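>>> here you go, sequence then predicted model.
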Amino acid sequence: MNLIQNTILTAVPANKKKTPSGWLSFNAPCCIHNGETQDKKKRGGIMTSADGTVSYHCFNCGYKASYVIGRRLTQKMRQFMGYLGIPDDTIKKLAIQAMREEESDTKYEKKKFVNFKKRELPNITKPLEKWLEEYTVGTMSVEQKKKIDNLLNYLSGRGIGADWYDFMYSSSKHWDVDKRLLIPFYWRGDIVGFTGRMFEQSDKVKYYTDVQPGYVFNMDAQDWSRKFVIVTEGPFDAITISGVSILGSEINDTQRELIDNLNRQVIVVPDRDAPGEKLINQAIEFGWSVAFPEWDEKVEDVADAVLKYGRLFTMQSILKSTEKNKLKIDLKRKMYG
């Protein structure tokens, strides 16, 4: 954590909470400065990462600001720091420090940052929390209530809590979006895509995903105090154990770079099927570890394991069954294959 990041986090109000997707949520201080009433529902969110990045997003008035180490402190970020009550002289000193770091050729290397473009979510998309509020106060149609009931039943059937991630929903009927649970994809605090999982019968594909190639799901939510990162195939797998997902069974070069840049032990938990074998081969090639937890043969992936055994046991079984040695990996894949 660098000085700028530390100063901002220290100034955040004490009445805050951490969301499942990695946001530090608190009452937004910017709204009253931008023509809105005082926020009392913790609509302000800060996202930080180990490389020093700080992103702020107000989900009420829309105010955004960010800082990336090695770059200057923007006017909007300086303004936001003022909203937090950080003294002007402190902000000026930090701005000068950021400028010096940007101009330094020795302390910070000029890096090419992987960037994912912001994407719009489908029309009429709102956080699931908002839909549930409307459901509770009775401002929702009978038909819409049935949709929300089906969505919640789907989550419950998979053993996933509605508050485990920033799930969203849209009543748009385009591409049967109103029959899908929406999982927004975040990158440095911005929404850069999403996947929609069917929770009702439809002739459309089960998953509809819109994101740039190379994206790794749930990177923003990683606990930087962990000495390992668990790599899964599907987003629900990652959500249940706070891991990351490659959104498939094959890792491309960009995904490998992003995961390696976390600088910690990488543990791959492949699905128990033919595509999972490809993932094991890649893990061996990259020098990553592979987990072979002793789960019931009907358990196909991490999300299934959490449903059957619970989150704690699932995590313990992954960590206890991890192998990095190629010979041991090959031996275990034959045993459990």
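Structure received.
>>> quick one, domains of the chain?
3-103, 125-210, 228-336 (automatic domain parsing).
>>> which of the ones you listed has the lowest mean pLDDT?
Note on the domains of the chain: lowest mean pLDDT is at domain 3-103, with a mean of 86.
>>> with just CA atoms, put stretch 89-102 into PDB.
The C-alpha coordinates for stretch 89-102 follow below in PDB (Å, rounded to 0.1, in the frame of the first residue of the first chain):
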ATOM      1  CA  ASP A  89      -2.000  21.000   2.300                       C
ATOM      2  CA  THR A  90      -1.800  17.200   2.500                       C
ATOM      3  CA  ILE A  91      -3.500  16.800  -0.900                       C
ATOM      4  CA  LYS A  92      -1.000  19.300  -2.400                       C
ATOM      5  CA  LYS A  93       2.000  17.400  -1.000                       C
ATOM      6  CA  LEU A  94       0.600  14.100  -2.300                       C
ATOM      7  CA  ALA A  95      -0.100  15.700  -5.700                       C
ATOM      8  CA  ILE A  96       3.600  16.800  -5.900                       C
ATOM      9  CA  GLN A  97       4.800  13.400  -4.800                       C
ATOM     10  CA  ALA A  98       2.700  11.700  -7.600                       C
ATOM     11  CA  MET A  99       4.100  14.200 -10.100                       C
ATOM     12  CA  ARG A 100       7.600  13.300  -9.100                       C
ATOM     13  CA  GLU A 101       6.900   9.600  -9.300                       C
ATOM     14  CA  GLU A 102       5.500  10.000 -12.800                       C
END
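>>> what's next to whichever helix or strand residue 334 is part of, contact-wise?
Assessed by DSSP states H and E, residue 334 sits inside helix 326-336. Defining contact as CB atoms under 8 Å, 6 or more residues apart in numbering, one finds that helix 326-336 is touched by 272, 277, 280, 283-284, 290, 292, 321, 323. In short, each C-beta sits where N, CA and C put it, glycine included.
>>> circling back to that earlier point, out of the domains of the chain, which is closest to residue 217?
domain 228-336 (4.0 Å; CB to CB).
>>> next one: the closest one to chain centre, how far?
18 Å (CA atoms, centre = their mean, to the nearest Å).
>>> cool, stretch 131-147 as well?
27 Å.
>>> so what touches it?
Stretch 131-147 is contacted from outside by 148, 162, 169, 171, 178-179, 200, using CB under 8 Å, 6+ apart.
>>> filter these to the buried ones?
Among those, those classed as buried by 16 or more other CB atoms under 10 Å are 148, 169, 171, 178-179.
>>> these into CSV, with extra columns for distance to residue 92 and secondary structure?
Formatted as CSV, the buried ones among the contacts of stretch 131-147 follow (distance: CB to CB, whole Å; DSSP: H, G, I helix; E, B strand; the rest coil):
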residue, distance to residue 92, secondary structure
148, 49, helix
169, 44, strand
171, 48, coil
178, 50, helix
179, 53, helix
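>>> quick check: nearest residue in space to residue 302, chain neighbours excluded?
Counting by CB to CB, 6 or more residues apart in numbering, residue 302 lies nearest to residue 237, which is 3.8 Å off, once chain neighbours are set aside.
>>> is it true that that neighbour touches residue 244?
No: in this structure residue 237 lies outside contact range of residue 244 using CB atoms under 8 Å: 9.6 Å.
>>> residues near residue 5, how many?
By the criterion of other CB atoms under 10 Å, residue 5 has 19 neighbours.
>>> in a strand, residue 192, correct?
Yes: counting by DSSP: H, G, I helix; E, B strand; the rest coil, residue 192 is part of a strand.
>>> now do the same contact list for it.
116-119, 185-186, 211-212, 215.
>>> what ranges does the stretch 51-200 of the chain have for its strands?
Per DSSP state E, counting those that start in this stretch, the stretch 51-200 of the chain carries strands over the ranges 54-58, 64-67, 125-127, 168-170, 180-187, 190-198.
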